[in-house]
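> I'd like to go over a predicted model; first the sequence, then the structure.
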Amino acid sequence: MRINVYSQELITEGPAKAVEYVQQTADTGVVYSAVRLYLISPDQLHHRDDDDDRSAITFWLPKSWERRQYIAGCLRHMAYLIDTAALETGLD
């Protein structure tokens, strides 16, 4: 599976509006946690407070500390690649 996110779809109001920590309890009682990156979506999609239908990418976190650190390392490496990428590529 491949997910393409274009820079124009990223929320530019700052990380506090674009990223959040999520916890959800399953019917089994297991608590799952995740980090979510919201994307720009049309205002008409979130017409009610109890119906959050905004576009987002959710990274559900594993239970083990080691696997969480692996995911964090991947995201840090992505940030490094973004910081060092050629400036003359892409669109704003």
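Sure, I can see it. Computed from a predicted structure; not experimentally measured.
> Name the nearest residue to K17, ignoring sequence neighbours.
Nearest residue to K17 in three dimensions, chain neighbours excluded: I11, at 5.6 Å (Cβ to Cβ, 6 or more residues apart in numbering). C-beta coordinates here come from the backbone N, C-alpha and C atoms, glycine included.
> Please name the residues that touch the most centrally placed residue in the chain.
Residue closest to the average C-alpha location in the chain (Cα atoms, centre = their mean): L37, at 2.2 Å. When contacts are counted by Cβ atoms under 8 Å, 6 or more residues apart in numbering, L37 is found next to A18, V19, A56, I57, F59.
> Buried subset of those residues, written for PyMOL?
Selection of the buried residues among those in PyMOL, burial being defined by 16 or more other Cβ atoms under 10 Å:
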select buried, resi 18+56
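> Among the contacts of L37, give me the pair with the biggest separation.
A18 and F59 (13.6 Å; Cβ to Cβ).
> Give me the phi and psi for T28.
Here is the backbone geometry of T28 (degrees, to the nearest 10): phi -80, psi -10.
> neighbours around it, how many?
T28: 6 surrounding residues under other Cβ atoms under 10 Å.
> Tell me the pLDDT of the closest residue to E9 other than its chain neighbours.
In this structure, E9 finds its nearest non-sequential neighbour in L39, 4.5 Å apart by Cβ to Cβ, 6+ apart. On pLDDT, L39 comes in at 89.
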